[in-house]
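**Q** Okay, here's the prediction I keep looking at, along with the sequence it came from:
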Amino acid sequence: MGTGTGFDRGTGFGHGADAAVGERRHLVGLAYRMLGSVAEAEDAVQEAYARWYAQAPERRAAIASPGAWLTTVLSRVCLDVLGSARVRRESYVGEWLPEPLPDTAEWAVGAGRAADPADRITLDESVGMAFLVVLESMTPAERVVFVLHDVFRYPFPEIAAIVDRTPAACRQLATSARRRVGAAPAPAAGSAVVVREFRQAWEAKDIGALVGLLDPSAGMVADGGGLVSAVVRPVEGGERIAQYLAQMAEWAPGLVLLERTVNGRPGLVARRDGATATVAALDVADGRITRIWAVRNPEKLGLWTAT
């Protein structure tokens, strides 16, 4: 799962502006996993860079590893953001889901936005929607320690300095976080075929076929953020989900489903009148869909406008 190599980042760049700028891709990817939001990740990275350039040139030149410095500052910024986010999400309307990521190969050329922050986030198992949802259940300290150590492979002594804990305490935080994560499922072979059959069944309004493609204990969560209509509580059970989706097809004529990569896995995008209305991430196991995360909040769909 690791995507980094530790706090030696940046030492190969030398010093100065080039070293700092060269860290941006790594920093955005780190912040997205910590915060679950591309917009918040970019804001956090910008704050880290603002603090870097606020230093006197001679002070920046004296820093042996700009990458280590920026990672430390960014992680502390993310800790603060996570703390305030927990308060904000208590008043969030309905379920809160992470911001879904498209595959850059599918959207960057058409959108003409190759410099978008999402283009700097490596898609791997650590950005799967199921994984990010579990990260949301962690305390801010657990999440930061877990992402730094288990995902990006930073050592505990350096992490301890970031979160103002001892290395032993950081190990305990990581252990606690791992219990929440459990065994993260790998992408299921043939999941793209299941997603395609699911799309076809939905378009045909075939409830029987939908039920057959859904695990009996499947769950669906929708995030409208109070800005668009969405179920405010999870829908549990394959039959109930199938019935809800069939009704939605009736309520929203003209809705078009497209097969797209969502956070590195096969998913679906619903468009109406040329605009993206929903991005759905799906988990598949043993040939059936086990979870659906449907993001409808338009504030989280900006990267999908040209897919």
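**A** Sure, I can see it.

**Q** helix, strand or coil for Gly219?
**A** Using DSSP: H, G, I helix; E, B strand; the rest coil, the secondary structure recorded for Gly219 is strand.

**Q** So what's the gap between stretch 256-266 and the chain middle?
**A** 14 Å (CA atoms, centre = their mean, to the nearest Å).

**Q** Could you list the residues in contact with it?
**A** Residues outside stretch 256-266 that contact it (CB atoms under 8 Å, 6 or more residues apart in numbering): 100-103, 106, 123-125, 127-129, 132, 187, 191-192, 194-196, 199, 202-203, 267-272, 279-284, 307. No exception for glycine: its C-beta is placed from N, CA and C like everyone else's.

**Q** number of nearby residues for Arg199?
**A** 17 (other CB atoms under 10 Å).

**Q** Would you confirm that it contacts Leu268?
**A** Yes - between Arg199 and Leu268 there is a contact under CB atoms under 8 Å: 6.0 Å.

**Q** Please report how far the most centrally placed residue in the chain lies from Leu101.
**A** Centrality entry for the chain: nearest residue to the mean C-alpha point is Gly36, 4.4 Å, by CA atoms, centre = their mean. Going from Gly36 to Leu101 by CB to CB, to the nearest Å gives 10 Å.

**Q** again, but for Trp69
**A** In terms of CB to CB, Trp69 sits 27 Å off from Leu101.

**Q** tell me the phi and psi of the closest residue to Gln243 other than its chain neighbours?
**A** Spatial nearest neighbour of Gln243, excluding adjacent residues (CB to CB, 6 or more residues apart in numbering): Ile207 at 6.4 Å. Per-residue torsions, Ile207: phi -60, psi -40 (degrees, to the nearest 10).

**Q** from here on, count from 16
**A** Got it, the first residue is 16 from now on, which makes the last one we talked about Ile222.

**Q** how about Ile222, what does it touch?
**A** Ile222 touches 257-258, 261, counting by CB under 8 Å, 6+ apart.
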